[in-house]
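S.K.: sequence? don't have it. structure:
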């Protein structure tokens with residue numbers, strides 16, 4: 001969606017648990033309702049301890065009744081956003097933006113493959129409904145841990161029938177991306193949303209298939225990585241700083257709270273503005289961004305501080321923070 005997003009006051013009308021840890025929120029914004037396109041999200045103002053912050057959530061469904069719907073997964077190591085949302089009760093006052101869209105759905109393609117992992121189903125669900133209404137040729141692959149974790153599975157099955165394929169990792173199930181991509185019609189597009197491992201597999205499989213690069217569209221979430229989040233130490237020798245980053249905070253947050261001047265924008269591992277040069281590390285850099293290529297990540301020259309972490313050790317970096325020349 002083009003144009004500037006506006007902040008609006010809003011009211012939380014209702015909540016409903018979709019799974020044991022995913023809750024649906026129905027939000028009524030003040031002012032003229034801006035209809036969301038598939039793939040859209042809204043920003044929501046949240047309170048993390050004593051600090052105000054912002055979180056982005058994909059909009060669920062067409063929202064034809066003038067209510068924005070978002071689904072929020074309660075994370076055990078949440079930085080605070082999901083915990084804040086889950087504490088809200090109907091009637092709560094909120095500040096939200098009008099919709100923005102970094103993951104737009106292109107219509108009138110000959111074929112579509114939609115792939116979702118876990119909470120990544122939120123934008124994919126909306127795309128699936130839109131394509132079904134258009135009568136488009138499509139297929140949806142949806143992977144999660146157990147059947148209890150499959151939000152919107154019943155609704156999708158009712159609309160898509162056998163065009164929906166579910167895979168549950170607890171039972172050893174896997175999404176067969178190679179076969180699905182091979183069966184996609186020429187000119188068809190792949191849309192993926194999920195953890196970084198799923199996205200990297202999709203990008204690799206798509207590339208190996210020889211399909212055009214612009215036929216793959218994706219969105220990810222920065223709390224997913226190859227290793228569990230744990231406390232690690234960041235050292236900045238030039239500034240004489242040694243900063244502990246706890247499991248529920250990002251490296252970017254910790255640096256800013258320590259007074260380090262940082263440049264950032266998306267805070268989702270997509271734009272690369274917050275990337276810092278790695279001087280040394282005695283741990284494993286868990287690259288959780290989608291900005292750097294696999295080859296660049298293997299070089300371990302830089303990391304995106306908004307999402308990436310270190311497992312089993314510490315990291316030494318340099319920052320753009322420089323003293324004034326006067």
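M.R.: Received, thanks. Since we're looking at a predicted model, the values are computed, not measured.

S.K.: Can you give me the distance of residue 263 to residue 296?
M.R.: Going from residue 263 to residue 296 by C-beta to C-beta, to the nearest Å gives 19 Å. Just so you know, the C-beta spots here come from the backbone N, C-alpha and C atoms, and that holds for glycine as well.

S.K.: neighbours around residue 213, how many?
M.R.: Other residues near residue 213 come to 8 when the count uses other C-beta atoms under 10 Å.

S.K.: Ok, residue 17 next?
M.R.: 12.

S.K.: That one against residue 23, yeah?
M.R.: Yes - using C-beta atoms under 8 Å, residue 17 makes contact with residue 23 at a distance of 5.3 Å.

S.K.: Return the per-residue confidence for residue 221.
M.R.: Residue 221 carries a pLDDT score of 65 in this model.

S.K.: Equivalent analysis for the one 4 residues further on, please.
M.R.: pLDDT recorded at residue 225 is 73.

S.K.: Can you name the residues that contact it?
M.R.: By C-beta atoms under 8 Å, 6 or more residues apart in numbering, the residues touching residue 225 are 196, 286-288, 307-309.

S.K.: Tell me who's in contact with residue 216.
M.R.: The neighbours of residue 216, taking C-beta under 8 Å, 6+ apart as the test, are 189-190, 192, 202-203, 206.

S.K.: ok, which pair from the residues you listed is furthest apart?
M.R.: Maximum pairwise distance in those, criterion C-beta to C-beta, is 13.8 Å, between 189 and 203.

S.K.: Buried residues in stretch 32-51, which are they?
M.R.: 34, 36-44, 46, 48 (16 or more other C-beta atoms under 10 Å).

S.K.: domain parsing for this structure?
M.R.: The chain is divided into the following domains under automatic domain parsing: 7-97, 112-220, 232-318.

S.K.: mind listing the helices for the chain?
M.R.: Assigned by DSSP state H, the chain shows helices spanning 81-87, 121-134, 153-160, 177-182, 196-208, 251-257, 294-299.

S.K.: Pass me the low-pLDDT residue ranges in the stretch 1-150 of the chain, would you?
M.R.: 1-4, 77-79 (pLDDT under 70).

S.K.: what's the nearest residue to residue 81 if we skip its chain neighbours?
M.R.: Spatial nearest neighbour of residue 81, excluding adjacent residues (C-beta to C-beta, 6 or more residues apart in numbering): residue 55 at 4.0 Å.

S.K.: ok, that neighbour - how many residues close by?
M.R.: With other C-beta under 10 Å as criterion, residue 55 counts 20.

S.K.: Kindly report the same for residue 14.
M.R.: 13.

S.K.: Just grab the bridge partners of it for me.
M.R.: As for beta bridges, residue 14 partners with residue 26 under DSSP bridges.

S.K.: That one contacts residue 26, doesn't it?
M.R.: Yes - with contact defined as C-beta under 8 Å, residue 14 counts as touching residue 26 (4.5 Å).

S.K.: residues in contact with residue 292?
M.R.: 272, 275, 302, 304.

S.K.: and residue 257, how far is that from residue 131?
M.R.: Distance from residue 257 to residue 131, by C-beta to C-beta: 43 Å.

S.K.: what about these two, which has more around it?
M.R.: Ranked by neighbour count (other C-beta under 10 Å), residue 257 and residue 131 place residue 131 first, with 23 against 11.

S.K.: any idea how far the more buried one is from residue 206?
M.R.: 19 Å.

S.K.: ok, now residue 35?
M.R.: With distances taken as C-beta to C-beta, residue 35 is found 31 Å from residue 206.

S.K.: For residue 246, see how far away residue 231 is.
M.R.: Distance from residue 231 to residue 246, counting by C-beta to C-beta: 5 Å.

S.K.: correction: residue 123
M.R.: In terms of C-beta to C-beta, residue 123 sits 29 Å off from residue 246.

S.K.: neighbour count winner among the two?
M.R.: residue 123 (25 against 14).

S.K.: Could you pull up the residues touching that one?
M.R.: 38-41, 58-59, 103, 193, 219.

S.K.: I'd like to know which of those is nearest to residue 10.
M.R.: Distance to residue 10, by C-beta to C-beta, is smallest for residue 59 among the contacts of residue 123, at 12.9 Å.

S.K.: Need the nearest residue in space to the closest one, chain neighbours excluded.
M.R.: Nearest to residue 59 is residue 36, by C-beta to C-beta, 6+ apart, at 4.4 Å.

S.K.: and the nearest residue to residue 84 once chain neighbours are set aside, what are its bridge partners?
M.R.: Spatial nearest neighbour of residue 84, chain neighbours left out: residue 46 (4.3 Å); criterion: C-beta to C-beta, 6+ apart. Listed by DSSP bridges, the beta-bridge partners for residue 46 are residue 53.
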